[in-house]
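[1] the following comprises the amino acid sequence and a computationally predicted model.
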Protein chains: 2
Amino acid sequence: MTDFLYPSKWLSKASAGDRVTCELRMRIISGLIESGAIISENKLAADFAVSRSPVREALKVLASENIIRLERMGAVVIGLTEKEIEEIYDVRLLIETFVFERLVRMDVTELVKELSKILEMMKVAIKYQDADEFSYQDLLFHETIIRSINHSYMLMIWNNLRPVMESFILLSMRARFQEKYEDFDRIIKNHKLYIEAIQTKERTLMVQSLHQNFDDVQGKVDDLWMSQQMLSKGVETEND
Amino acid sequence: MTDFLYPSKWLSKASAGDRVTCELRMRIISGLIESGAIISENKLAADFAVSRSPVREALKVLASENIIRLERMGAVVIGLTEKEIEEIYDVRLLIETFVFERLVRMDVTELVKELSKILEMMKVAIKYQDADEFSYQDLLFHETIIRSINHSYMLMIWNNLRPVMESFILLSMRARFQEKYEDFDRIIKNHKLYIEAIQTKERTLMVQSLHQNFDDVQGKVDDLWMSQQMLSKGVETEND
DNA sequence: TCAAGTATACTTGTATACAAGTATAATAAA
DNA sequence: TTTATTATACTTGTATACAAGTATACTTGA
């Protein structure tokens, strides 16, 4: 059995179904379970030492996230290619510009304070080289912005996107902490710019920040591939 | 027991879980199950004469659609207020403008042909006063446009939105066929304009069409309320 | 009358059992 | 050797059973 890829401390109060969902998602996005592979409920249940009920639940969720496809016999792994990652960021760009347009008509002092706090947390996470914590705060940063406009359907989209992004970011950040430590300065700077854009409500700053964020995606994609290669090398011998 | 609100012919090959999901969604959005009500798995299972397994499945789906909220004891019905309907159309506007921007860089002859076909179908549905069929074709129209750009995450958003919209449109169209028959001329005209916008790739036409579509939403909302009132009157005596 | 503790009737989450259907493999016939 | 048919070993979807936890109501004590 492979070790768990998903941070175990994030699952302290989670059900077996949630555990399987999160871990399976990580294994798929990391490439540990290869795209095109066929996974069956029974096999997964045996793998995770649980019954089919939580596994079924997990497969339903992952299918709604578009990383597997449920067929008559077994589920087919879709995974996350470069194209899909770009598409995710298309959606994020769409959501976040929408949110920004709402924010310019709102009082943002509370939000800016909250974001500043999260930014501090991110810095601490970097200082202690805690990739998982950094990923968590990074996601929280964007989620906080989206939540602030109280738009249940924008939040719904975010909630659908979130888990896949979480996996993706976790993996790429873990790789970056090992290889490209200096990147984090840029990420922090960009988030600071983001806060500034919200505070001043200047569209130009916002566009600038989003673009920089975009440029960063290519880096993330590279790191995901790196992470996938690292993992596949690590388990090469375990594949029966 | 109440009659089924969801078109039974759309469920010919569906599982018990799907049946419960669709029917429950209709009952919630129609207001037959009131917002704020607490529904439990056991009770629903008894109501639908199935076991808890398909009911659980249904509740998970409806929770991801934001029309119920899963709590420790029982699920709380959220329903669909005017605010949420507006929000859904915010998302649709966002998606469809994005799609349009992609379409202007594509060959749209195939798409336009397909859309024209669907428009014809819609006309037939009107002629025979088939509200359900009309709703189906209306949704298919927009889904076809979105599918055409091959963007899996835009499609994902659509798929998350679709079921709620389906219920909403079904109910409002049924009401309209009874009360505001002349509205359909306008709807058809607007869809024709939409096709034209795609064909000519003119943004001005597109904006015009989307705006008209928007104006129509208010009408739809009115009709949903009407439908809710009609239904609640119909079942008044059945409430124990 | 009121407070604290206990019983009870719920709830969810998971495991298991079973029915119905489908692909693969093995067997029989040409 | 190839084709048709039957077995078998899978698959999913649903029902049921059980464990653990939670709110409500009731009882008991002061």
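    Arrived safely. Residues are numbered from 1 along each chain as shown, chains lettered A, B, ... in the order given.

[2] what about stretch A:130-150 and chain B, any contact?
    No. Residues of stretch A:130-150 are not located near chain B by Cβ under 8 Å from any Cβ of the partner chain, the shortest gap being 9.3 Å. Where C-beta positions appear, they are placed from N, C-alpha and C, glycine not excepted.

[3] so where's chain A shaky on pLDDT?
    Scanning chain A with the threshold set as pLDDT under 70 gives A:1-2, A:218, A:220, A:231-240.

[4] the strands in it, which residues?
    Secondary structure of chain A (DSSP state E): strands at A:38-39, A:68-70, A:75-77.

[5] packing partners for the second one?
    Using 3 or more Cβ pairs under 8 Å, 6 or more residues apart in numbering or on different chains; DSSP states H and E, the elements in contact with strand A:68-70 are helix A:52-64, strand A:75-77.

[6] so what strands line up beside it?
    strand A:75-77 (antiparallel) (DSSP bridges).

[7] who touches the strand it pairs with?
    A:28, A:33-40, A:59, A:62-63, A:67-69 (Cβ atoms under 8 Å, 6 or more residues apart in numbering or on different chains).

[8] just these that are near DNA strand D?
    With Cβ under 7 Å from any atom of the strand as the criterion, the members of these in contact with DNA strand D are A:Ser40.

[9] just the buried residues of the contacts of strand A:75-77.
    Burial by neighbour count, 16 or more other Cβ atoms under 10 Å in any protein chain shown: within these this picks out A:28, A:33, A:39, A:59, A:62-63, A:67-68.

[10] if we can go back for a sec, among the contacts of strand A:75-77, which one sits closest to DNA strand D?
    Ranked by distance to DNA strand D (Cβ to the nearest atom of the strand), those are led by A:Ser40 at 3.0 Å.

[11] wait, isn't that closest one in contact with A:Gly74?
    Yes. Look at A:Ser40 against A:Gly74 with Cβ atoms under 8 Å: they come within range, at 4.6 Å.

[12] give me every residue in chain A lying close to chain B.
    For chain A, the contact set with chain B under Cβ under 8 Å from any Cβ comprises A:57, A:60, A:64-66, A:83-84, A:87-88, A:90-91, A:94-95, A:98, A:151-154, A:156-157, A:159-161.

[13] drop anything exposed from these.
    Neighbour-count burial (16+ other Cβ under 10 Å) is assigned, among the residues of chain A next to chain B, to A:57, A:60, A:64-66, A:84, A:87-88, A:90-91, A:94-95, A:98, A:151, A:153-154, A:156-157, A:160-161.

[14] how far away is A:Leu193 from DNA strand D?
    As for A:Leu193, its distance to DNA strand D is 43 Å (criterion: Cβ to the nearest atom of the strand, to the nearest Å).

[15] next up, the contacts around that residue.
    A:Leu193 sits next to A:205, A:208-209, A:212 when contact means Cβ under 8 Å, 6+ apart.

[16] take those residues and write them to CSV, including neighbour count and distance to A:Ser135.
    As requested, the contacts of A:Leu193 are arranged in CSV below (neighbours: other Cβ atoms under 10 Å in any protein chain shown; distance: Cβ to Cβ, whole Å):
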residue, neighbour count, distance to A:Ser135
A:Leu205, 18, 25
A:Gln208, 16, 24
A:Ser209, 22, 19
A:Gln212, 16, 19
